[in-house]
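>>> Could you look at this predicted model? Sequence included:
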There are 6 protein chains.
Amino acid sequence: MEKPARVVLEERDAAGLLRQTSVSHIGFSVPDVMATADFYGRVLGLVVQGHLPDGGVRLGWGIGHHVVELVKGEPALQHYGFEVRDDDGVEGIAKRLAATSHVVEDLARDYIDCAPGSPSGIVVRDPDGTPVHFHGPVERQGENAADTGRRPIKFQHTTLGTADVQAMVSFFVNTVGFRISDQLEDGRFAWLRSNRDHHTLAVVNVGRSGVLDHYSYDLAEWEDFKTWCDRLTDAGIDVTWGPGRHGPGNNLFIFFDDPAGTHVELSAEMEKFHDDRVTYVARQWKPIPNSVNLWGGQLPTWRKTSQEG
Amino acid sequence: MEKPARVVLEERDAAGLLRQTSVSHIGFSVPDVMATADFYGRVLGLVVQGHLPDGGVRLGWGIGHHVVELVKGEPALQHYGFEVRDDDGVEGIAKRLAATSHVVEDLARDYIDCAPGSPSGIVVRDPDGTPVHFHGPVERQGENAADTGRRPIKFQHTTLGTADVQAMVSFFVNTVGFRISDQLEDGRFAWLRSNRDHHTLAVVNVGRSGVLDHYSYDLAEWEDFKTWCDRLTDAGIDVTWGPGRHGPGNNLFIFFDDPAGTHVELSAEMEKFHDDRVTYVARQWKPIPNSVNLWGGQLPTWRKTSQEG
Amino acid sequence: MEKPARVVLEERDAAGLLRQTSVSHIGFSVPDVMATADFYGRVLGLVVQGHLPDGGVRLGWGIGHHVVELVKGEPALQHYGFEVRDDDGVEGIAKRLAATSHVVEDLARDYIDCAPGSPSGIVVRDPDGTPVHFHGPVERQGENAADTGRRPIKFQHTTLGTADVQAMVSFFVNTVGFRISDQLEDGRFAWLRSNRDHHTLAVVNVGRSGVLDHYSYDLAEWEDFKTWCDRLTDAGIDVTWGPGRHGPGNNLFIFFDDPAGTHVELSAEMEKFHDDRVTYVARQWKPIPNSVNLWGGQLPTWRKTSQEG
Amino acid sequence: MEKPARVVLEERDAAGLLRQTSVSHIGFSVPDVMATADFYGRVLGLVVQGHLPDGGVRLGWGIGHHVVELVKGEPALQHYGFEVRDDDGVEGIAKRLAATSHVVEDLARDYIDCAPGSPSGIVVRDPDGTPVHFHGPVERQGENAADTGRRPIKFQHTTLGTADVQAMVSFFVNTVGFRISDQLEDGRFAWLRSNRDHHTLAVVNVGRSGVLDHYSYDLAEWEDFKTWCDRLTDAGIDVTWGPGRHGPGNNLFIFFDDPAGTHVELSAEMEKFHDDRVTYVARQWKPIPNSVNLWGGQLPTWRKTSQEG
Amino acid sequence: MEKPARVVLEERDAAGLLRQTSVSHIGFSVPDVMATADFYGRVLGLVVQGHLPDGGVRLGWGIGHHVVELVKGEPALQHYGFEVRDDDGVEGIAKRLAATSHVVEDLARDYIDCAPGSPSGIVVRDPDGTPVHFHGPVERQGENAADTGRRPIKFQHTTLGTADVQAMVSFFVNTVGFRISDQLEDGRFAWLRSNRDHHTLAVVNVGRSGVLDHYSYDLAEWEDFKTWCDRLTDAGIDVTWGPGRHGPGNNLFIFFDDPAGTHVELSAEMEKFHDDRVTYVARQWKPIPNSVNLWGGQLPTWRKTSQEG
Amino acid sequence: MEKPARVVLEERDAAGLLRQTSVSHIGFSVPDVMATADFYGRVLGLVVQGHLPDGGVRLGWGIGHHVVELVKGEPALQHYGFEVRDDDGVEGIAKRLAATSHVVEDLARDYIDCAPGSPSGIVVRDPDGTPVHFHGPVERQGENAADTGRRPIKFQHTTLGTADVQAMVSFFVNTVGFRISDQLEDGRFAWLRSNRDHHTLAVVNVGRSGVLDHYSYDLAEWEDFKTWCDRLTDAGIDVTWGPGRHGPGNNLFIFFDDPAGTHVELSAEMEKFHDDRVTYVARQWKPIPNSVNLWGGQLPTWRKTSQEG
């Protein structure tokens, strides 16, 4: 196999301005909203926190901001959002987007449920055309304060599939203010951070634009992975990848699909970055199976790397 | 002691038609409803989710379907229910019951709280005359999605005391659609399954009909048993049996009594049955203490076996 | 250094009458109520359960009785409360207080949220002049039934700073009905119990009256301390003391400050006292660092002992 | 794919006579004895307990009976052995083998190291022609008494590859005295027990005779699997299968290869059989990936099932 | 039942002089030395470290001082020993014994295996006439440095059965230098300490003199109790008491019998006493089942208390 | 305080040639060899594996290569050694040292105990003049194969105190073949790796040359830290720092002193570097307390950073 080119993704300008920004919510369309909502209820413990006019629903853990929005349609990513707790956070992003000729609009108020005071937010389209939400602080007691165990602790990251990793990375790093924690040497996969977690957003080349590669919830610890694999087995759901450990992020993982075929990850032990105390340079990983799964390189059918090692 | 007869309980007809059916709720009468409700609140974390006209209450974990109904009266089992998620489940059970001349009635709608869509259910009397509920899917986020730890994960099984084990087993297996996982050789105790758990219902000969022998909640793991024994001790409640491990089901257990004297079990590690992948034959256990408690055969005052080994 | 005098705190009269009494709630003033409430929401998972007319808030875990009341003002202790489940508990305390010429008033009804039946309570000023609440049973499912993990299990004790330990101890032991579990030999620190926990109230000489030295929440177990230290680090909050293990109470601990500078403790493994089964005599600890931190005597800047060993 | 025939492996005659028999040791040839011994030393903690005249070595944990014998040669199974603690065990096996015209010889005394008293043993060729050892009690403190953690607890089972499963099963069950715990419906894989463990020997159709499919060591618990996967990664060794959970035996597993390509399994939580208390009938598993790996059916390159499900 | 008298065991004279003294070894006679040694090898991991002229053996963990001596005979306690690390320890004991007219002899040198330098020890008969050994420091790496898990960590205490608790307690406390940690109110059971552990020696009234009531090994933690109960079950050994938690010592426990009928305890979480930092007064426990087993008072057939509560 | 200069330590030439090199042993002088050996025996489980002519001893875990050499004298570092498993490892180091005019001598054969085949090694003086050993593979079953729990898993790293960090780093990185994982921005502390562990050697400016700052053993996991703190407390040994978590290496830690005042670290969860899969750039940490202890910056008396933050 031909050796893939080395591509170093650049950090410029705004890189690193965000340090207290995390994923907030995600919206995607599914053919059968009720069946999918029932799945998330039985499997992840999510309850319906809101109904949309067109039959869509918003799901959460019964307290605090919602996590998932389901609307009826062919499986597709509809939007994804971030909660920005940095000083001058949303305003700063808005200014930088405007300065780089992006169209920035106000985020519809109902997307920002469970916000104290007078919440505000913006929506902009990412280079692939998918709406991205940035909004101020919301209450998330259903998540960060959640107990360990059977229920995931929190929604942790979104991984976008795209045909142009460089454009997406440049948008989020050099304009929005994320940083690069890790990348594959061939530039086809990058992991971006906006708080102490190794990544809150990742971007992978899947040959198509505007795709949801997968999204991920945090578990508390390794012990929970056995409970979850057994519990998914009880529910008749196949674990499609793992348990394993990623190189980038060093996090433990399993993957399974929801009824619409969305890949869902459960993860733990993600590496932390202390940008207030230490200067990092993004790492370059070989595009081989043993990089994305440190434990022997076992892969699922739907995850490819440039080389086989 | 005379050697007990060997009795093999039979599986015929409908046996095994149910594979996605679990316990749903249980109702019993107690002399002091408020004291008992307070006990379940302090000890198990159950909250009052509904009030009945006659002073009874329905208890749950504050989200999803209720678990326990308490009504005023001498301690007695009032009804017990199952949630049926099998295709053609409740309808199929109703047809088979009707075909075997049982009186089947509609279940009062208010028993099926937290059901999505238009819920329905039936009620029929078991061979001992106790009303049994079968109803369609309900939301149980307070249970299956519950976190580990101090609160039980879910209501897991009901064990009925009867004077005629064969009649009860035949009703549930050959008409309703359960299967036999284990039995004692003398036919005086049988464990029946309706999903991947080793049993969701058990039947034991206690010399009287229509009795609640005990009912059981799941804990997450062995570690929780120390926490629970210490916590019951703090609350002035005696552990009456265990910690131990049952032979049938292989589950870890402790038992204690509620203020009305009802035996309550906390259990973990119950054996799983994968009927979609494997063919099983029910096992026959010797009626000795070391079968019901693998760890040395220690028993409480209220549990007897035919032989002492 | 001069050897400190030995002071044996006495138990007389009412000592030990209370055996089912625990901390209920605590109120303190902070300069910025919303920032402090946001902190308790993000860090401890507490939600706003009630709003006070003057902009204050009451925080709890979304179910059951509230835990913390925040009002606007310079950092100061406003009141602290106990839930009394002993027979003749609140009434008995009221009688003993009246008999010793204390002014006893009815506790405002809204302080006793989530009480079944017709709740009642009293308020009295402790020897330092701080209002103390005693009230009957309330529902605490958000606490005692709480799951392990990221969220504390319950509010566990209050430690008062005073200039007169003997007066405070005499009030709580000889009039109210607590017992002394441990004291420092110099009489400058005492730990009092009112149920099976080693202490629900402690009193330490800090040279000033009516001060909140710190207050404490229970964690489930040692494993949680790593999670909590990492999580506080993620949130930019310094651990100021520990992990360590106290001599009196034998409990594991860490401390950190809320935005108003209040010391907050997280604790586990506190020693249990079984007064229904055994007779104890209060222990006398040397006033040295290795007594308050068994693991080598490491101390924070704000905790002093009479001697350095 | 054509539906595979159903083949029920039979139990007759001696089946179940052995209840206290476990694997004892295994011998195989490898191209580089020293490199392989070094591997087992670094990875599994095995030390050289004995040297053979031809440069071979015997490995153990430094105390008690040896576990592995390595001799120089192309990778091949040389022999495998069992420790028989049943009353009349070795003698009974010898008699039954003689009665069925097998050639039974005395086992060389040096194979039975660490035996108290006057040890004896026999050697016979299995239907594939591989020598099988049966000998009396030996001391195994290095194994059964071993501590949890980084070192495996004990050598637990051998899985033979063969071209004739029925012949092998009949030999071990109907003559030697094992029982069948589980089989695939197509008769191409069977798991045999000789003590409380679900299997101490398994036989799988690999199209060739006299092959070592893999052999397995016990770990203490699920937590150890993360430690082992990380540790193998540190040592540059790929995990080739798992973590996963087998259907037959219900045991957790990972697999990796030694330098000679031998598949080595680490396993935990194997199901227990209590033949002194209960009567079992062997289960029939569908020959699908989800049977051999309950968690979603992920398989390694070298494990096939008749069907893909 | 008549109310038992209250008996307060006294501490005088030498009480508390020993603070670094622990159990060292124990010797008892058994009908079948080899069968018993095999049992301790298989179950506890003990190996034969020495052979005695008369066919007896000394068992240990393969490194450091021996733990158990078995000699042939009817089941009976032969001797028990302590390792004294206190300054002026053995010499001080010898002087105090001589001063109180006890016959003190030199301990045979071979009892003090694995001692650095020139070891010495004494032997004296306790009030019941059983030889007690006191000797200086020995190496115990097989114990205190032992790893957690399947193997006990160390030999922890001996409990003597006697007909005269007061005489035994007075001997060990007032002459030898132990202290009383706990006693039953009726004076029929006392727990004595000689280091930070709650007890290294206990004395219980069993109506006969010079009896070994039981002896005990430490486990690392609660999790190990499940492993041990399962493992004893695998080995066909009944757990005769527990899992439970003692009141005096607060330690978790299980009991089982060796082939000679000796009660063996496995224990964890024993309470610690810090006599260098704190002054204690011995506690008085009610002689009821719930004192010796805090978790509900379940007892084995062979343990009685004066009252049933 | 004046802002410290930024100093970037350079990697040149040989940097990164070593990837399979770990600490092997360490030698230091202590005033009382026997007391120190007894301490290491009681506390860490080390046994005397060899005696030196001058009364010194070599300590290990009873199997495999020795870990510590103690000789009589004022407390001082005598030598430290590495086991080199890289291809052309020791020879390559020798060549590079010779090429840079270092005096390289053969290592005395008895230092290389437990080596298979014909072991060889070299000794050279580091820039501070302390002898450094590099030798080929040895057996370390007492370490890497050690079980979890009370005994450390392995000797993990040495931290040298020096007056010239740059000279030491340049020697180990640019000549010997280590790499820099982390450094403080002021160049006063550097952590060097030679295998997948974040560091096997660290160098810190303490103002004097040739000093042993501390050395470190690995524990298995966080849970062990409570056991160790309690156990050190039982043994009367103060924990002088921690539990905490280092920024560089991300490892959990505690520190205590041996009788000669040597700082001993116990550590777990050290970060891993996968140089075969990924390219790293050394990180620059601010010289503040919160860098060396992520959990709030608590420090012991003997650890300073340039700034207080």
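Thanks, I have it.

>>> How about the residue of the stretch 101-250 of chain A found nearest chain F, nearest residue that isn't a chain neighbour?
Distances from the stretch 101-250 of chain A to chain F, computed as CB to the nearest CB, single out A:Gly247 as the nearest residue at 6.2 Å. Yep, even glycine has a C-beta here, placed from its N, CA and C like the rest. Nearest residue to A:Gly247, sequence neighbours excluded (CB to CB, 6 or more residues apart in numbering or on different chains): A:Ser291, at 4.3 Å.

>>> ok, the one you found - how many residues close by?
One way to gauge burial is a neighbour count; for A:Ser291, by other CB atoms under 10 Å in any protein chain shown, it gives 24.

>>> Do I have it right that it meets A:Trp285?
Yes. A:Ser291 is in contact with A:Trp285 according to CB atoms under 8 Å; the separation is 4.4 Å.

>>> Please enumerate the shared neighbours of the two.
A:Leu184, A:Gly247, A:Pro248, F:Arg277, F:Val278 (CB atoms under 8 Å, 6 or more residues apart in numbering or on different chains).

>>> pLDDT score assigned to the first one?
Spelled out, that is A:Leu184. pLDDT, the model's per-residue confidence, is 96 for A:Leu184.

>>> Quick check: closest non-adjacent residue to it.
Across the structure, with CB to CB, 6+ apart as the measure, the residue nearest A:Leu184 apart from its sequence neighbours is A:Pro287 (4.5 Å).

>>> Settle this for me: A:Phe155 is touching A:Val67, isn't it.
Yes. Using CB under 8 Å, A:Phe155 is in contact with A:Val67, at 4.9 Å.

>>> Next, find the distance separating the closest residue to chain B within the stretch 151-300 of chain A from chain C.
Taking CB to the nearest CB as the measure, the point where the stretch 151-300 of chain A comes nearest chain B is A:Asp234, at 5.0 Å. Summarising the geometry, the distance separating A:Asp234 from chain C, computed by CB to the nearest CB, to the nearest Å, is 20 Å.

>>> What of A:Leu201?
The gap separating A:Leu201 from chain C is 18 Å, by CB to the nearest CB.

>>> Quickly list what the closest residue to that residue other than its chain neighbours is bridged to.
Excluding its sequence neighbours, the residue lying closest to A:Leu201 (CB to CB, 6+ apart) is A:Leu192, at 4.8 Å. Under DSSP bridges, the beta-bridge partners of A:Leu192 are A:Ile180, A:Leu201.

>>> ditto for A:Asp106
A:Ile122.

>>> Just give the number of residues close to it.
A:Asp106: 10 surrounding residues under other CB under 10 Å.

>>> Now the stretch 151-300 of chain A against chain C: closest residue?
Nearest to chain C, among the residues of the stretch 151-300 of chain A, is A:Arg196, at 4.9 Å (CB to the nearest CB).

>>> Surely that residue touches A:Phe273?
Yes. Taking CB under 8 Å as the contact criterion, A:Arg196 and A:Phe273 are neighbours in contact, 5.8 Å apart.

>>> if we can go back for a sec, how close does the residue of the stretch 101-250 of chain A closest to chain F sit to A:Leu184?
Applying CB to CB, to the nearest Å, the value for A:Gly247 to A:Leu184 is 10 Å.

>>> With A:Asn250 instead?
Separation of A:Asn250 from A:Leu184 (CB to CB) stands at 16 Å.

>>> Compare neighbour counts for these two and give me the winner.
Residue environment comparison for A:Asn250 versus A:Leu184 gives the larger neighbour count to A:Leu184, 29 against 19, counting by other CB under 10 Å.

>>> Bridged to the more buried one, which residues?
The partner residues for A:Leu184, given DSSP bridges, come to A:Trp285.

>>> thought it was touching A:Arg283?
No. Here A:Leu184 does not reach A:Arg283: they are 10.0 Å apart, not a contact under CB under 8 Å.

>>> Highest neighbour count among the shared contacts of A:Ser291 and A:Trp285?
Among these, the one with the most neighbours (other CB under 10 Å) is A:Leu184, at 29 neighbours.

>>> From chain E, how far off is that one?
Spatial separation of A:Leu184 from chain E under the definition CB to the nearest CB is 40 Å.

>>> what do you get for A:Leu192?
Between A:Leu192 and chain E the computed distance is 40 Å (CB to the nearest CB).
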